[in-house]
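Undergrad: the following block contains a protein sequence and its predicted model.
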Amino acid sequence: MCTRLRAPITNTCVHTCVCPHANAPLRDAAAHPVPPRSPQALCSQPGRPKDYALPNASWSRDMLDLYDRFLAMTKEGLWKRIPSYNNVLDHIPESMKLAHEKKKDTRLFLRSIEAEGVGFEYVMFLNSSEKRVVCLFQPGSYLEGHPGFAHGGSIATIIDSTIGSCAIFVAGRVMTANLSINYMSPVPLGSVVLVDSKVDKVEGRKVFLSCKVQSVDGGTLHAEATALFIQLDATKSQKQQASCQ
Ligand SMILES: CCCCCCCC(=O)SCCNC(=O)CCNC(=O)[C@H](O)C(C)(C)COP(=O)(O)OP(=O)(O)OC[C@H]1O[C@@H](n2cnc3c(N)ncnc32)[C@H](O)[C@@H]1OP(=O)(O)O
């Protein structure tokens with residue numbers, strides 16, 4: 001079993017034996033080369049909004065390396081890459097959109113900066129059978145808090161979004177009711193961390209989740225979190241909608 005990149009929550013290896021380089025040192029580029037990508041492989045599909053959860057020039061070796069490993073696992077069918085757009089409405093399936101929801105000139109908070117590498121560089125992968133979402137996150141220089149390190153609010157944001165994506169998977173339209181974070185070790189700007197979230201239990205409209213933020217080699221636990229998401233009550237939403245008209 002791989003000892004380097006353990007899934008923090010289940011303590012299983014995220015490679016699950018599909019990575020041919022599972023025992024290679026992660027930072028050893030010669031032993032673990034990143035295959036060249038065609039320009040087509042890096043682009044979103046024509047006619048679709050831009051998908052930001054694809055490699056760009058700012059992604060570090062660690063980020064590309066991990067991305068390739070997860071992408072390899074998607075071919076086994078257990079994991080699925082989640083696309084990421086800058087408008088949140090593009091994330092909602094057509095069948096779940098409400099009649100009054102029209103696309104506006106707003107941006108998903110994490111995708112508010114167009115320049116590559118300075119804000120939130122991330123890609124998420126969903127494992128539906130484990131009810132788990134793992135986010136590969138590379139914080140850029142505009143997310144600085146303490147000099148050289150990511151701001152705690154940016155860590156909270158990526159946790160909320162990763163955990164939120166996990167909650168959306170099991171309960172559809174949800175909002176964060178509670179998010180509790182313990183920060184253990186600062187995250188250096190430009191480093192790569194794994195934000196590993198999973199659903200712990202569902203009670204009616206309440207979805208309880210937990211999350212760990214760890215370094216690529218699994219040696220540093222940066223943060224731990226628990227969260228409660230509430231599935232939105234359609235009746236209440238309609239009442240709120242009516243009161244806004
Ligand atoms: C792709 C991108 C993913 C991004 C994900 C990002 C997610 C976000 O950031 S969302 C923004 C931040 N969150 C918010 O603004 C939410 C503000 N709060 C609200 O709108 C409401 O309080 C909301 C929707 C959470 C719950 O309201 P409502 O539907 O009326 O719930 P309500 O009927 O009162 O309570 C339902 C249950 O949840 C419990 N509950 C509600 N809030 C809480 C809370 N904060 N703590 C503990 N329990 C709670 C209630 O006690 C009740 O439990 P029970 O059924 O056992 O009696």
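TA: Received, thanks.
Undergrad: what bridges to Gln138?
TA: Glu121 (DSSP bridges).
Undergrad: next, count neighbours for Cys211.
TA: Neighbourhood size, Cys211 [other C-beta atoms under 10 Å]: 27. For glycine as for every other residue, the C-beta is placed from the backbone atoms N, C-alpha and C.
Undergrad: quick one: residues contacting it.
TA: 9, 159, 162-163, 195-198, 223-227 (C-beta atoms under 8 Å, 6 or more residues apart in numbering).
Undergrad: mind running it again at 10 Å?
TA: Counting by C-beta atoms under 10 Å, 6 or more residues apart in numbering, Cys211 touches 8-9, 132-135, 158-160, 162-163, 166, 179, 181, 195-198, 223-227.
Undergrad: what stretches of this protein score poorly on pLDDT?
TA: Where the chain drops to pLDDT under 70, the residues are 1-46, 237-245.
Undergrad: mind doing that once more with 50?
TA: 1-36, 38-42, 241-245 (pLDDT under 50).
Undergrad: residues in it within reach of the ligand, list them.
TA: Taking C-beta under 6 Å from any ligand atom as the contact definition, the chain meets the ligand at 91, 160-161, 164-165, 175-178, 204-206, 228, 230, 232-233, 236.
Undergrad: which of those residues fall in helices?
TA: Members of the residues of the chain next to the ligand lying in helices (criterion: DSSP state H): Asp160, Ser161, Gly164, Ser165, Lys236.
Undergrad: just the residues you listed now: which is nearest the ligand?
TA: Gly164 (2.7 Å; C-beta to the nearest ligand atom).
Undergrad: distance of that closest one relative to Met175?
TA: According to C-beta to C-beta, to the nearest Å, Gly164 and Met175 sit 8 Å apart.
Undergrad: try Arg111
TA: If you go by C-beta to C-beta, the gap between Arg111 and Met175 works out to 19 Å.
Undergrad: kindly report the same for Phe109.
TA: Distance from Phe109 to Met175, counting by C-beta to C-beta: 14 Å.
Undergrad: so the two - more neighbours on which side?
TA: The neighbour count for Phe109 versus Met175, taken as other C-beta under 10 Å, is higher for Phe109 (13 against 10).
Undergrad: list the contacts for the more buried one?
TA: Asn86, Val88, Gly119, Phe120, Thr157, Asp160, Ser161.
Undergrad: let's see it at 8 Å
TA: Contact analysis of Phe109 by C-beta under 8 Å, 6+ apart lists Thr157.
Undergrad: try Asp90
TA: Asp90 neighbours (C-beta under 8 Å, 6+ apart): Pro49, Lys103.
Undergrad: tell me how far it lies from Lys103.
TA: 8 Å.
Undergrad: same thing with Glu130?
TA: The spacing between Glu130 and Lys103, counted by C-beta to C-beta, is 33 Å.
Undergrad: more neighbours, these two?
TA: Glu130 (17 against 11).
Undergrad: give me the element that one is part of.
TA: Element membership for Glu130, per DSSP states H and E: none, as it lies in no helix or strand.
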